[in-house]
Every structure is written in structure tokens, then in C-alpha cells.
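*Asks:* sharing a sequence plus its predicted fold:
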Amino acid sequence: MTSTEIKTAHAGVVVEVTRNCVMTRTRRISRVITGIYDHALRPHGVNASQFSLLVLIAKLGGASRAEIGRANYQDRSTLTRNLAPLLSEGWVKEMASEAGGRSRPVFISETGKELLVSAAPAWRSAQAKARELLGEEGVNAIIGVADRLPPDELEGL
């Protein structure tokens, strides 16, 4: 391939991606929306991803790391990295399994429950800002897509 062909192909890829890439647009939306929640939750010492993970763990009511990872569409290493601050702050606890074995279910602690309650008004404020920014149609589209994701979407990637 000549340098002219590479320049032309390069320009074509840049135009194609900037106009049509679903991933690029989704990541842009995610950064903006995450920023809204991060800003609102910052006074509570928690960021948006930590708050979201804490809510998921509360919803699951005690689950293994593998179960949490599947429910949150996260690979094991990402979950381990995101779970570490929740464990170090004492917002979640790993308990020895009653059945024995290697599984150590993760539960929300009383401190974690208190954090969710105290940060809920900030989350609601961020939720209102995000809804205003996205509009009702945008919110419904995002929720609809998220709810239709197959539970095993990360497997095989």
C-alpha cells in the first residue's frame, strides 16, 4: 500500500468511525452521564461506579464474585478492581460460605446500607439531571437496550 493509499484509507476510517460508531457514541454518553453522578455523589465519598456496584450487591442480597460479575457484565479482573474500594471502606463484606468451599459471598454491610440511604438524595438529583439531558425518549431507549442485553453477553469475548 502506498502512502497516498494509506492516507486515503485512514481518512475514510476516521470519517466512518466519527459518523457511525455506536461504541464511540455510547462511550461519550457514558462519560457525560457518569460525570453527572460522580459530581453528585462525591460529597458522600463514593463515585458512580462504586454506588452502582453497591446497589447491585444490595439487590442480590449476597452473591459470589462470579454472580456479581455476570449481573454487572464485568470480567473478573474489572470486578476485583472495582470491589476493592468497597471492601476497604467496609461498605461490603465477604463472608465464609455456610456450605464451605471456596466461595465467599459478598454482602452489603450496615455501613454500606447507611451510605446508600445518605447518598440517595444526591443520586436522585443526578438522576433528574441525566433525565433532563437525555430526554424521555433517550432515557427509555437506554433502559430498553440495557434490559434486553443477554445475560451472557461477555462470555466468549
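*Replies:* Structure's in. What do you need?
*Asks:* and T18, how many neighbours?
*Replies:* A total of 10 residues lie near T18 under the criterion other CB atoms under 10 Å. Where C-beta positions appear, they are placed from N, C-alpha and C, glycine not excepted.
*Asks:* my bad, P85
*Replies:* For P85, using other CB under 10 Å, the count is 16.
*Asks:* surely it meets L53?
*Replies:* No: counting by CB atoms under 8 Å, L53 is not a contact partner of P85; they are 9.5 Å apart.
*Asks:* centroid-nearest residue for the protein?
*Replies:* S49 (5.1 Å; CA atoms, centre = their mean).
*Asks:* nearest spatial neighbour of A9, skipping sequence neighbours?
*Replies:* M1 (7.5 Å; CB to CB, 6 or more residues apart in numbering).
*Asks:* any figure for the gap between the one you found and V22?
*Replies:* M1 sits 28 Å away from V22, going by CB to CB, to the nearest Å.
*Asks:* same check, this time on H44
*Replies:* 33 Å.
*Asks:* okay, those two: which has more neighbours?
*Replies:* H44 (17 against 7).
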